[in-house]
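# based on what follows, work out the 3D shape:
(4 chains)
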There are 2 protein chains.
Amino acid sequence: MFSATQVAEPTARTIYRKSFDTATTRHATSDSLERGTIRRLEAKEHVFCEGDPRTHVFRIEDGVVALSKVLSDGRRQVIDFAYPGDYIGLGVLRDHIFDAQATCPAKVRCLSASALEQEAAKDASLAIKLYKAVSAELVAARSLLVSVGQRTAMERLAAFLVNLNSRNNNTANSGVIKLPMRRSDIADLLGLTIETVSRTITKLRTMRVIDVVHGTEVHILDFDRLTELAGE
Amino acid sequence: MFSATQVAEPTARTIYRKSFDTATTRHATSDSLERGTIRRLEAKEHVFCEGDPRTHVFRIEDGVVALSKVLSDGRRQVIDFAYPGDYIGLGVLRDHIFDAQATCPAKVRCLSASALEQEAAKDASLAIKLYKAVSAELVAARSLLVSVGQRTAMERLAAFLVNLNSRNNNTANSGVIKLPMRRSDIADLLGLTIETVSRTITKLRTMRVIDVVHGTEVHILDFDRLTELAGE
DNA sequence: CGTTCATTTGAGTGAAGTCAAACCGAGTGG
DNA sequence: CCACTCGGTTTGACTTCACTCAAATGAACG
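Below you'll find the model as predicted:
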C-alpha cells in the first residue's frame, strides 16, 4: 500500500516449489538464472507493485515474499508465499498484476526479464525449465483455490501447516514449522480474518495437535491428526 | 463421479485463454498441436479423471470442459472452464490431479503428451508457447482465487459474468452470454452453493442488471452496473 | 516504563449454508 | 394428447460458521 519506493527492478510471476531444479540448471547457456545482483529487503518492503513494468524476474535467496492482490477497498488476497529457491515475476504480461512484498527481512536475486526471454527463445531447455516452473506454480495456485473455495477455517489452516511442513522437510527435517510472516498474511492467504486464524490456532493447541512457540514457531505434536484435519 | 468409462486418452493441465495464438502456431515443427484425433463427449462425460496417467493433452474444439477437484466427502471445486481453443492436460506431473468433465456436448482434439514433450525439447518456440499457455492459465487461476477468497457472492457472480462476456466478445460481440453448464458447475467454480447462485442471479434480475432466458442465456442490460458490482 | 505493533480473546451479527418444498421444462409412453 | 417422471432450478425458513467490533494481553524497543 506504500513504501517500496525504490523499486530497483520489478518483474513477473512467482515460480513455485522445486522451481528450476538447480541440479540440471548448471548448463551451457542457462546460467542467466545464476547471474544478477542481490537486493536486500526489510519486512513489508515491496519487491514490486501491481502495475509496475515487468522488467525483472527475481529468485528468492533468503526470507519469504508474499504475492498478493489488493482490492480498492483494502481487501487483500495473498496468492502465494515464495520461499528461497522460488522465482517470482515470471509470466507473459508486460506489467505486474500483483504486489510482491517481503514478509520478513529477505534477499532476492534480480534477473533481467528480457535477457531471460531472449535466451529462452534460443534455448529450448531453458524454455522448458520456465514451463515447468510456471506449471508448478499453477498446481500450487489451484490447490490453494480448492482450500479457499471448499474447506472450513480449520481445514484450511491444517492444510496450510501440512503444506509448509512438507516444504521445509526438503531441507531440515522437522515437525517444526517457522512462520516468518504475520497472522494477517496467513489470513489473507487462506481467505480468513486474523481473528479466525488466531482462534483456529488456539483450538489446534488446546487439541494438542500443535504447540506454538513465540507465536512464530509451530511444533507438530500429532502429524496424523493434522493431516486428517486438513481433509483429503 | 462416475461414467467416463472409456477414457480413450487422458492427459494433463488446462491451458487458458489465448492459449497458443494460432496465428503463430502454423510453424515448421509445431503442427503436433494440429494433428490428433477428435473425440466427442456428451454432457457430464469425463475427458479424464484424477489419478489417470497423463498421456495426452487435449484442445477443446467445441463445447465446454470443466476442470475440477472432488474431495472425499463430495465437495467439489471447479478450477476452470475450458472453452474452444483452450488446452487441458498441460503440466509436468505424471498423472492428472484434476477431473476434466464436459459440461455440455463437446469435442476435444487428443494430442500425444510425450510427442509434445519431445518436440518441445528440440523446438524452443514450441516450448515457449507452452510456457505462455500455462502462464495464462496461472493468471486465470489466481484471478479466480482472489474472487473466491475475498469477494461476496454478488461480486463473484458479477465478476464471473463479466469474465465470460469478455471471452465471448472475442468472437461474436454481445451483451449475451451463453451458460453452457449447470448451476452446480458455476456454484462449484465460485465456492458457493447452487441456492446462493440462484438467489444471486434472481437478485441481478430484479435489479434489472441482467435478464435470463431459459436459464441458460444471460442478457446484460446494464454492463456498467455489472462491472461495478464485480468490484475492482 | 511507556509506546507501538501484533496477537489473542470475547460478545454479538450477518452472509451464506442447510434442509425442504415447489416449480419448470423436456422427454416418454399409455 | 395428456399424465407422469426426472433432472435441474427456484424459493422459503432456519441455522451456522466465520466476520465485525471491541477490549485485553503480550512482546519489542527506545
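# what's across from the spatially most central residue of chain A in the sheet?
By C-alpha atoms, centre = their mean, chain A has its centre lying nearest to A:F81, at 1.9 Å. For A:F81, the beta-bridge partners are A:A66 (DSSP bridges).
# ok, it touching A:I60?
No - assessed by C-beta atoms under 8 Å, A:F81 is found out of contact with A:I60, at 9.6 Å. Heads up, the C-betas are built off the backbone N, CA and C, glycines and all.
# which stretches of chain A have low pLDDT?
In the predicted model, chain A carries pLDDT under 70 at residues A:1-31, A:170-173.
# for chain A, what spans make up the helices?
Secondary structure of chain A (DSSP state H): helices located at A:22-25, A:113-122, A:124-150, A:153-169, A:183-190, A:194-206, A:223-230.
# any chance you could list what contacts the last one?
Okay, so that is helix A:223-230. A:154-155, A:158-159, A:161-162, A:165, A:175, A:204, A:207, A:209-210, A:220 (C-beta atoms under 8 Å, 6 or more residues apart in numbering or on different chains).
# what about it and DNA strand D, touching?
No - taking C-beta under 7 Å from any atom of the strand as the criterion, helix A:223-230 and DNA strand D are apart, separated by no less than 11.9 Å.
# same check, this time on stretch A:143-154
Yes - contact between stretch A:143-154 and DNA strand D is present through A:152-154 (criterion: C-beta under 7 Å from any atom of the strand).
# using CSV, lay out those together with neighbour count.
Conversion of the residues of stretch A:143-154 next to DNA strand D to CSV gives the following (neighbours: other C-beta atoms under 10 Å in any protein chain shown):
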residue, neighbour count
A:T152, 13
A:A153, 17
A:M154, 17
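# and A:F48, bridged to which residues?
Beta-bridge partners, per DSSP bridges, of A:F48: A:A100.
# can you report phi and psi for the closest residue to A:D222 other than its chain neighbours?
In space, and not counting its chain neighbours, A:D222 is closest to A:V209: 4.9 Å by C-beta to C-beta, 6 or more residues apart in numbering or on different chains. Taking degrees, to the nearest 10, you get phi -90, psi -40 for the backbone angles of A:V209.
# how is chain A divided into domains?
Here the domain assignment for chain A is A:22-140, A:151-230, based on automatic domain parsing.
# so which of those domains is nearest B:D99?
domain A:22-140 (14.9 Å; C-beta to C-beta).
# ok, now which ones touch the residue nearest to A:V213 when sequence neighbours are not counted?
Spatial nearest neighbour of A:V213, excluding adjacent residues (C-beta to C-beta, 6+ apart): A:H219 at 6.7 Å. A:H219 makes contact with A:175-177, A:210-213 under the criterion C-beta under 8 Å, 6+ apart.
# of these, list those near DNA strand D.
For DNA strand D, no contacts are drawn from the contacts of A:H219 by C-beta under 7 Å from any atom of the strand.
# what's the PyMOL line that selects buried ones from those?
Here is the PyMOL command that selects the buried residues among those (16 or more other C-beta atoms under 10 Å in any protein chain shown):
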select buried, chain A and resi 177+210
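# how about the residues of chain A near DNA strand D?
Within reach of DNA strand D by C-beta under 7 Å from any atom of the strand, chain A has these residues: A:152-154, A:191-193, A:195-196, A:214-215.
# and stretch A:180-197, how far apart are its ends?
End-to-end distance for stretch A:180-197: 15 Å, by C-alpha to C-alpha, to the nearest Å.
# hmm, back to that, just send the residues of stretch A:143-154 next to DNA strand D back as a markdown table, with distance to chain B too.
As requested, those are exported to a markdown table (distance: C-beta to the nearest C-beta, whole Å):
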| residue | distance to chain B |
| --- | --- |
| A:T152 | 10 |
| A:A153 | 13 |
| A:M154 | 14 |
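# please identify which of these is nearest to A:R39.
A:A153 (35.7 Å).
# hang on, isn't that closest one packed against A:E195?
No - if you go by C-beta under 8 Å, A:A153 and A:E195 don't touch, sitting 10.3 Å apart.
# picking up where we left off before, residues touching the residue nearest to the centre of chain A, list them.
A:64-67, A:103, A:181, A:185, A:189.
# okay, now the closest residue to A:L179 other than its chain neighbours: neighbour count?
Nearest residue to A:L179, sequence neighbours excluded (C-beta to C-beta, 6+ apart): A:T216, at 5.0 Å. By other C-beta atoms under 10 Å in any protein chain shown, 13 other residues sit near A:T216.
# what's the answer for the one 10 residues further on, then?
A:L226: 21 surrounding residues under other C-beta under 10 Å.
# what's the spacing between it and DNA strand D?
17 Å (C-beta to the nearest atom of the strand, to the nearest Å).
# got it, and A:M207?
Distance from A:M207 to DNA strand D, counting by C-beta to the nearest atom of the strand: 14 Å.
# apart from its chain neighbours, what residue comes closest to that residue?
Nearest non-adjacent residue to A:M207, counting by C-beta to C-beta, 6+ apart: A:R225, 7.6 Å away.
# separation between that neighbour and DNA strand D?
To DNA strand D, A:R225 is 18 Å away according to C-beta to the nearest atom of the strand.
# and the gap between A:L192 and B:N168?
34 Å (C-beta to C-beta, to the nearest Å).
# go on, A:A136?
A:A136 is 31 Å from B:N168, by C-beta to C-beta.
# the more surrounded of the two?
Shown here are A:A136 and B:N168; by other C-beta under 10 Å, A:A136 has more neighbours (22 against 15).
# my read is that the more buried one contacts B:L93, right?
No - using C-beta under 8 Å, A:A136 is not in contact with B:L93, being 9.1 Å away.
# can you put the residues of chain A next to DNA strand D in TSV and add distance to A:L130?
TSV is the format used below for the residues of chain A next to DNA strand D (distance: C-beta to C-beta, whole Å):
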residue	distance to A:L130
A:T152	36
A:A153	36
A:M154	37
A:G191	29
A:L192	33
A:T193	36
A:E195	40
A:T196	37
A:H214	39
A:G215	38
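# list only buried entries from those.
Looks like the residues of chain A next to DNA strand D have A:153-154, A:191-192, A:196 buried, using 16+ other C-beta under 10 Å.
# how about those residues, which pair is most distant?
Most distant of these, by C-beta to C-beta, are A:M154 and A:G191, 13.6 Å apart.
# restricted to buried residues, select the contacts of A:F81 in PyMOL.
Per 16+ other C-beta under 10 Å, the buried members of those correspond to this PyMOL selection:
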select buried, chain A and resi 64+65+66+67+103+181+185+189
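# return the distance of A:S174 relative to chain B.
Separation of A:S174 from chain B (C-beta to the nearest C-beta, to the nearest Å) stands at 24 Å.
# double-check that residue against A:N165; I have them as touching.
Yes - using C-beta under 8 Å, A:S174 makes contact with A:N165 at a distance of 6.0 Å.
# who touches both of the two?
Applying C-beta under 8 Å, 6+ apart, one finds that A:S174 and A:N165 are jointly contacted by A:I220.
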